[in-house]
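Participant: need coordinates for the below:
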Amino acid sequence: MNEVDRSKRVVVTSPRARATGAAQRGVLDLDEQTTVGEVYLRSLMRTQLGLALTVCLTALILVAGLPLMFDLWPAAGRARVFGLGLPWLVLGVLAYPALVIGGWAYVRAAERNERRFAALVERR
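Facilitator: Next comes the predicted model:
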């Protein structure tokens, strides 16, 4: 091989090869399904489940609570805003942006939990 061919060589390595020993240990705990790795995963799943239940409960209160409110306070059900009945306006128009914002907030919080989990595993 001549000199030109040698300069074109590329070394391919795993990102884990560059990781520190401690970070590699944390990843290995997950890969090898050790007791420590299981504790880490259970912790992440518990955190994500708590977040999901919070978002679902909030959405349920929003979706089920508004009709209940209009039933309990008939005056609110008869109110009109811009010529539309308040129940139609709230349930037919305003509920959707609230659900989209809730979904967006859920995704951001779930990604933040995963980033914290990854940092925890890499620090170990």
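Participant: for Ala98, give me its contacts.
Facilitator: Ala98 makes contact with Leu62, according to CB atoms under 8 Å, 6 or more residues apart in numbering. Any C-beta I mention is one placed from the backbone N, CA and C, and that applies to glycine too.
Participant: what's the mean pLDDT across stretch 46-57?
Facilitator: Here stretch 46-57 scores 95 as its mean pLDDT.
Participant: and for that stretch, what's in contact with it?
Facilitator: Contacts with stretch 46-57, where a contact means CB under 8 Å, 6+ apart, come from Gly102, Gly103, Ala105, Tyr106, Ala109, Ala110, Asn113, Phe117.
Participant: counting neighbours, which of the residues you listed end up buried?
Facilitator: Gly102, Tyr106, Ala109, Asn113, Phe117 (16 or more other CB atoms under 10 Å).
Participant: could you point out the longest helix of the protein?
Facilitator: The single longest helix within the chain, with elements called by DSSP state H, is helix 35-72.
Participant: list the buried ones in that one?
Facilitator: Of the residues in helix 35-72, those buried (16+ other CB under 10 Å) are Val36, Gly37, Tyr40, Leu44, Thr47, Leu51, Val55, Ala59, Leu62, Leu66, Phe70.
Participant: need the residues you listed in JSON lines (columns: distance to Ala98).
Facilitator: Below are those laid out as JSON lines (distance: CB to CB, whole Å):
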{"residue": "Val36", "distance to Ala98": "41"}
{"residue": "Gly37", "distance to Ala98": "38"}
{"residue": "Tyr40", "distance to Ala98": "34"}
{"residue": "Leu44", "distance to Ala98": "28"}
{"residue": "Thr47", "distance to Ala98": "24"}
{"residue": "Leu51", "distance to Ala98": "18"}
{"residue": "Val55", "distance to Ala98": "12"}
{"residue": "Ala59", "distance to Ala98": "9"}
{"residue": "Leu62", "distance to Ala98": "6"}
{"residue": "Leu66", "distance to Ala98": "10"}
{"residue": "Phe70", "distance to Ala98": "16"}
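Participant: I'm done for today, thanks for sticking with me.
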